[in-house]
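J.: after the sequence you'll find the predicted model.
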Amino acid sequence: MTPDTAVHIVTNAVYVIILIVCVLIVPSLLGGLLISIFQAATQINEQMLSFLPRLLITLGMLILAGHWILRTLLDLFATAFAQASSLIG
């Protein structure tokens, strides 16, 4: 295995991880921002008001994008295992 091949494999894995995290976390961050703006406007300082909607948004995105996430991870691992025999030796 050459250093270029190793860098390519790691780069591809990091890209997939970043993509999956962005799909799950960015909607939660946007929801948290909207809730923070609402809390600042109404001066309500309840911690549950900021936590529960973000949790529900994250769970909703996991339900909606779960199939895509599993397919993406399956493709990554299938590619890695398919290349494993040619990389060793």
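T.: That came in fine, so what should we check first? Residues are numbered from 1 along each chain as shown.
J.: so which elements touch the host helix or strand of Leu29?
T.: Here Leu29 is covered by helix 3-42, with elements defined by DSSP states H and E. The contact analysis (3 or more C-beta pairs under 8 Å, 6 or more residues apart in numbering; DSSP states H and E) places helix 3-42 against helix 47-87. Where C-beta positions appear, they are placed from N, C-alpha and C, glycine not excepted.
J.: angle of the helix it packs on against helix 3-42?
T.: Relative orientation of helix 47-87 and helix 3-42, computed by axes from the mean of the first three to the mean of the last three C-alpha atoms, to 10 degrees: 170 degrees.
J.: what packs against helix 47-87?
T.: helix 3-42.
J.: please identify the buried residues of the helix it packs on?
T.: Ile9, Val16, Ile20, Val23, Leu24, Pro27, Ser28, Gly31, Ile35 (16 or more other C-beta atoms under 10 Å).
J.: can you tell me how far the first one is from Leu33?
T.: Spatial separation of Ile9 from Leu33 under the definition C-beta to C-beta, to the nearest Å is 36 Å.
J.: likewise the fifth one?
T.: Taking C-beta to C-beta as the measure, Leu24 and Leu33 are separated by 16 Å.
J.: pLDDT and distance to Gly60 for the buried residues of helix 3-42 - can I get that in JSON lines?
T.: Formatted as JSON lines, those follow (pLDDT from 0 to 100; distance: C-beta to C-beta, whole Å):
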{"residue": "Ile9", "pLDDT": "88", "distance to Gly60": "32"}
{"residue": "Val16", "pLDDT": "95", "distance to Gly60": "22"}
{"residue": "Ile20", "pLDDT": "95", "distance to Gly60": "16"}
{"residue": "Val23", "pLDDT": "94", "distance to Gly60": "12"}
{"residue": "Leu24", "pLDDT": "92", "distance to Gly60": "10"}
{"residue": "Pro27", "pLDDT": "95", "distance to Gly60": "8"}
{"residue": "Ser28", "pLDDT": "93", "distance to Gly60": "9"}
{"residue": "Gly31", "pLDDT": "93", "distance to Gly60": "10"}
{"residue": "Ile35", "pLDDT": "91", "distance to Gly60": "15"}
